[in-house]
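Undergrad: What follows is a protein structure lacking sequence information:
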């Protein structure tokens, strides 16, 4: 019934209050879930790794705080605005109204919305907690701490950056060395993250904030019937002007500067300042005006268009002039590009020398002695390549179902090279699905005998225990190492579930007790509810290194970095290169080439997983890293002297940089006709060799180079890298002069030379299932020779033995020399006989093939004319006004004799007999020319043929 008490309606529930509480609760749940999900892992990492884990975490936290604060934290406590809470407040009001009223009626002006002082401060802190993870940049945090410690990283040189586009440098890279190189550390590691977060801040607080302010002001003013269009336009002009100014500022941080950059930067800045000036004028005028005059719109658009047209016009004129004056216009900037990139690739440290290619013969009486004198090189020729060694080692696994090959590396022990294959654990294919978890985590925990070794010269499989006494691998590469973790209960006693009677007793991993073990793996709640479990994680060496030392690159150019197994005679380790890499998009004249350096190596114990750091680098980051991790670095052990190897990835990259930037002459650089390239399909070969200038054989990496774009397949030279610790990473380039009369043939040409060799062609038909191996260039005495193994395989397709070894001369002056033998010494001896001309006049492979000496070939040619009663005159030179070449032919073997005789008979019938009974014969290089002279219309003519007979 109606009464005074019932007439009073209860107040509506405060919906906004509950919504705010719900939002806070959701944020709290999200934070708790994220933290809780990582708490167990973090706790285990803290316990197992200590400082090795906390240091990267600390640098990550430093970067998060600095970068997120720069991007997100507002200090305008007077304004106290917030896009997020404004949107929440507006949404609550709209929902509170039941959605019955237009949003313009419930929308308050963003300009008038303010948080309380406490809310504003708490929200700035909350933003860092919520969004800080998006700003993690460990390298920035690392550099920031170093900067705080007093390392300026070249920041003091940054002011000179802003003068670079407006100064035309000399045609000398010294300008870049003096002005760009000193600031590179800051441009690599500090400036890019700061520019990125400042850009984000401008977008948020200059762009989005101001735009929302304009929109809400317009809606609010429209409801009152007083829209102030000129005021809105002035704000938008200011936003665009600031954006263009910031874009112009960023143009100073570019990897390319040329003669037009100054005009692009100047035009951009002028447009930005013009728009800001218009904004200020319109802001003043908006006090009395509400609309912009049409005239003012035209002025603004025409101003921007005029500036753009002027800049484009100047650029077009410059480009047109530069087309005919490349050296004057581009030369100074190309010189700086050369200078910067030579610094990036450390090319100034490469030793360069001319390689004088000669084909010298050895006295027949001295050939055997010559072979013996060069036994130091011949004894270490690498005959077995990767594929052959891998195929020969693979059967050594036998029928073991839980291991497989992972990699095969060339290593050096006792001045001999060995292929060492490492293995990984895999889940046996016979394991059923219900037993898979048990097999992966508790059974297949390691590789019992993790290394197999094959001698790279004679192909003999050797007992790996001679080098690797510790062959059990619990921390390795690939397979289950990379896919999962392993464990065992601490209550196992003297029995173990591990394969091959394995019983881990090392220091790797940590003991985890309930309930932490249950949180880590729910299966342990039922399997080991009251027992602690020893858990081993991060068993793949790359995962382990990336977790503890995330500063370095473990994948380079799309491939996983190559890690080597090494040993101190007792323990086995993985030698992991520590390569640092930075993008150079903000470094002038770098044209985007990366900054890569070798800081050192990590030794990862294959049994315990312990990590030791070894320093070899001397660049700014190496010094900075060594100072921050001084307690982790150990002296370089003496036993590593022989086994250490320069990373192939860095060697290849430096060589590719050298291919372009070995050219230091600006004219030649612009013409781009002396650049090098790595032959297609060629890899770096690690070998024991003695290149020119070496006193003894050394462990080197070798990479041949060709002239880029050249139709010929000759080498422009070859690059070697030294691996001995005292000279680790020293590069030498041996350049073949372009005008050399004797060429150095490349890999494709040497294969062709071998295929065309008659003796090899016949031998190849006798060998079954042949495969031609690597063609590696060696310097043996004074001879450049390719040694090429030819493998044969059995019915199963597995390479079983060497069919023959070919020694192919790399020096070429018109004729190839190929020696074959069952050893490298014998092949080289046969090669020397061919070069010296003392190989038997006829080398019979079978009854259908005879090789003729040069003198025999010339005598056969002369006999054809003698049989036709034609005399032969042999002048020293021929000088006839008109000459006509009537044909060419080559004549090397007895198989060519019939064609040569027919060719000569046709020449006699067509040109000699009708007019003369005499011919003239003279030699030019490898060709024998034969001609006849007659007079036509008062002018003497010589008609001749050319027969190539070689040296």
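TA: Looks like it arrived, so ask away. Please read these numbers as outputs of a predicted model, since none were measured by experiment.

Undergrad: Next, work out how far apart residue 122 and residue 401 are.
TA: Using C-beta to C-beta, to the nearest Å, we find residue 122 at a distance of 60 Å from residue 401. Using the backbone N, CA and C atoms, a C-beta is placed for each residue, glycine as well.

Undergrad: Look at those two and report which has more neighbours.
TA: residue 401 (15 against 12; other C-beta atoms under 10 Å).

Undergrad: would you say that one is within a helix?
TA: No: Residue 401 is assigned coil when assessed by DSSP: H, G, I helix; E, B strand; the rest coil, not a helix.

Undergrad: Name the SS class of the closest residue to it other than its chain neighbours, please.
TA: Once flanking residues are discounted, residue 401 sits nearest to residue 428: 4.1 Å by C-beta to C-beta, 6 or more residues apart in numbering. With three-state DSSP as the basis, residue 428 sits in coil.

Undergrad: quick one, phi psi at residue 494?
TA: The phi and psi values for residue 494, taken as degrees, to the nearest 10, are phi -90, psi 0.

Undergrad: neighbours of it, just the number please.
TA: 5.

Undergrad: what sits against it?
TA: Residue 494 makes contact with residue 503, according to C-beta atoms under 8 Å, 6 or more residues apart in numbering.

Undergrad: measure it to residue 501 for me?
TA: Per C-beta to C-beta, residue 494 is found 11 Å from residue 501.

Undergrad: Likewise for residue 273?
TA: Computed as C-beta to C-beta, the residue 273 to residue 501 distance reads 79 Å.

Undergrad: ok so, going back, my read is that the residue nearest to residue 401 contacts residue 444, right?
TA: Yes: Residue 428 lies in contact with residue 444 (C-beta atoms under 8 Å); the separation is 7.3 Å.

Undergrad: The two - which one has more neighbours?
TA: Neighbour count, other C-beta under 10 Å: between residue 428 and residue 444, residue 444 has more, with 26 against 16.

Undergrad: Tell me which residues touch the more buried one, please.
TA: 402, 425-428, 480, 486, 499.

Undergrad: So what does the most centrally placed residue in the chain have for phi and psi?
TA: With distances taken as C-alpha atoms, centre = their mean, the residue of the chain nearest its centroid is residue 557 (3.5 Å). The phi/psi pair for residue 557 (degrees, to the nearest 10) reads phi 60, psi 40.

Undergrad: which one is it nearest to, not counting chain neighbours?
TA: Closest to residue 557 by C-beta to C-beta, 6+ apart is residue 649, at 6.7 Å.

Undergrad: and the one you found, that one's in a helix?
TA: Yes: judged by three-state DSSP, residue 649 forms part of a helix.

Undergrad: dump the residue contacts of it.
TA: Applying C-beta under 8 Å, 6+ apart, the residues contacting residue 649 are 556-557, 559, 561-562, 577, 579.

Undergrad: Could you identify which of these has the most neighbours?
TA: residue 577 (25 neighbours).

Undergrad: mind checking how far that one is from residue 530?
TA: 45 Å.

Undergrad: do the same with residue 298
TA: Taking C-beta to C-beta, one finds residue 298 at 85 Å from residue 530.

Undergrad: Can you tell me the element residue 750 falls in?
TA: Residue 750 is part of helix 747-756 when elements are defined by DSSP states H and E.

Undergrad: show me what contacts residue 634?
TA: For residue 634, the contact set (C-beta under 8 Å, 6+ apart) comprises 603, 612-614.

Undergrad: Out of these, list just those in helices.
TA: Of the positions in the contacts of residue 634, not one sits in helices, assigned by DSSP state H.

Undergrad: Return the member of the residues you listed nearest to residue 291.
TA: residue 613 (69.4 Å; C-beta to C-beta).

Undergrad: Can you tell me who that closest one pairs with across the strands?
TA: Legend: beta-bridge partners of residue 613 under DSSP bridges are residue 602, residue 633.

Undergrad: what's the overlap in contacts for residue 428 and residue 444?
TA: Counting by C-beta under 8 Å, 6+ apart, the shared contacts of residue 428 and residue 444 are residue 402.

Undergrad: coming back round to it: and residue 298 and residue 530? which has more neighbours close in?
TA: Shown here are residue 298 and residue 530; by other C-beta under 10 Å, residue 298 has more neighbours (10 against 7).

Undergrad: how close does the more buried one get to residue 228?
TA: To residue 228, residue 298 is 21 Å away according to C-beta to C-beta.

Undergrad: what's the most distant pair in the contacts of residue 444?
TA: Pairwise distances among the contacts of residue 444 were taken by C-beta to C-beta; the largest, 15.2 Å, belongs to 428 and 486.

Undergrad: Please give me every residue in contact with the residue nearest to residue 822 when sequence neighbours are not counted.
TA: Distance criterion C-beta to C-beta, 6+ apart; nearest residue to residue 822, sequence neighbours excluded, is residue 804 at 6.5 Å. Residue 804 makes contact with 760, 763, 767, 790, 820-822, 827, according to C-beta under 8 Å, 6+ apart.
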